[in-house]
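S.K.: Requesting a structural model of the entry that follows:
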Amino acid sequence: MIDDGKGRNIRLSKGLIAKAIAIRENDPGNDGFPEVLPGKGYLHKDNDGGGIFEAEDGGYYYASNSEDKPGGVWVLKTNEDHDVVDYYSVLEGTLDNCAGGSTPWGTWVSCEEEHPVGYCYQVDPEGIIEAERTEVTAYGGNWEAFAFGVEDGKPRGYTTDDDDPGSGCDNTVCLDGSEKEGGYCGALDRYTPSDEYIDQFYKRPNKITKVGGWNLLNDPHAKHEFLKLIPDDSSDKWSGSFEWVEDPCHANPELYPKGEGIHIDPVNHILTFVAKTNKQIFYLDLSAGKYIEDTTTRGSITEQPDNIRGLGKDIYVCNDGGYPNAVFRINPATGCYTKVIEEADPGYGGREFAGVDFTPDGRAMYVSVQNRAIWVVQREDGLPFDAKTLDPICEED
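M.R.: Down below sits the predicted model:
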């Protein structure tokens, strides 16, 4: 077990080491909890989703959401040894910033989980470009997480909605003018910029620059489509095909209620996302138009899925829902579910695990425990997390 410096312990999988780089309590400053850095303030409240970005000096930027009212995004700048050397805000005044996602041009997209006024904002972890609301979602919603990918040669954004489908959503009028009882919300939104924005994106010389990529998410005339699953007509309801529909009333988020974390494998074009209500994980083959569904529970892994991040062939899933929460790894090919880090005593109080991400070389994992700490986890042997695994212990049903 590892102590965060205040007697609150986590448990690590065999072969891992960890250190807390920032800690807090619900009411910091009154009980001896330190600032992140002297004079820089306490760790932001309700620290949630986050993403890692490489800095030119060999260190990293860890952009971390605040799922509070008001919320926002704060950045922990670390050196190559993962010690915090700076701490500052890059977005303030928003509401319930839950998760989000990274872009290939080095920005963080932070999403508000605040129906019916929630949107997603693009922020620069360096703090050079001022944060800006994007157009990646079609309407105000309980937006959760964002992923960027290229499908059919077109760059696209994908955003999950944590709304509960049909439970009094404010959006009721469908595109054909009819009204949907209970409203529509909860569907996964696919954003496709217009050709004008795509052309500008690809004409950037040599590489995708931060400035060049930034505008791709700001197209007010972009096309929005919504995920509709089509289960196989058989006793096996764990697979099928899918399509993207223009009218959200024709999507069926009741098959994937309360979408959470999302990730795209840029090599194999597999979109993975989880849904909280029924503890589901979906693997969508964007090239073939087919999907496979599975459960996120195995053995002692029983809590709801939340943030996710992919590395190599594995998907890392954060738990939210009760004690003990954890981060666990799924190998979709083998079906092996392995705990990586978890709460080790009630002092952590069943706190949400979130913000899992990896340095570009895969050698360090950052993870956020809400209102408790931000941890850096590494392998004792110094190898990347996607190198040969350290005798994984698979959870059994």
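
S.K.: who's G100 bridged to?
M.R.: S110 (DSSP bridges).

S.K.: Check the gap between it and R133 for me.
M.R.: Remark: distance between G100 and R133 (Cβ to Cβ, to the nearest Å) = 13 Å. Any C-beta I mention is one placed from the backbone N, CA and C, and that applies to glycine too.

S.K.: So which of the two has more stuff around it?
M.R.: G100 (30 against 15; other Cβ atoms under 10 Å).

S.K.: what's downstream of the lowest-mean-pLDDT helix or strand in the chain, the next helix or strand?
M.R.: In the chain, no helix or strand scores lower on mean pLDDT, DSSP states H and E than helix 210-214, which sits at a mean of 79. The helix or strand immediately downstream of helix 210-214 is strand 223-231, counting by DSSP states H and E.

S.K.: picking up where we left off before, can you pull out the residues in contact with the least confident helix or strand of the chain?
M.R.: T103, P104, W105, G106, T107, Q122, D124, I129, E132, Q200, F201, R204 (Cβ atoms under 8 Å, 6 or more residues apart in numbering).

S.K.: before we move on, the earlier item: hey, what's in contact with both of G100 and R133?
M.R.: Counting by Cβ under 8 Å, 6+ apart, the common neighbours of G100 and R133 are C120.

S.K.: that older thread, relative to the whole chain's centre, how far out is the least confident helix or strand of the chain?
M.R.: A distance of 21 Å separates the centroid of the chain from that of helix 210-214, by Cα atoms, centre = their mean, to the nearest Å.

S.K.: Convert the C-alpha atoms of it to CSV, please.
M.R.: Written as CSV, here are the backbone C-alpha positions of helix 210-214 (Å, rounded to 0.1, in the frame of the first residue of the first chain):
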residue,chain,number,x,y,z
LYS,A,210,-1.9,23.8,-32.6
VAL,A,211,-3.3,26.9,-34.4
GLY,A,212,-4.1,24.9,-37.4
GLY,A,213,-6.0,22.2,-35.5
TRP,A,214,-7.8,24.6,-33.2
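
S.K.: Return the set of buried residues in it.
M.R.: Of the residues in helix 210-214, G212, G213, W214 count as buried by neighbour count, 16 or more other Cβ atoms under 10 Å.

S.K.: can you check stretch 354-370 too?
M.R.: Neighbour-count burial for stretch 354-370, counted by 16+ other Cβ under 10 Å, picks out 354-359, 363-370.

S.K.: Mind checking which of those are in helices?
M.R.: In helices, judged by DSSP state H, none of the buried residues of stretch 354-370 are found.
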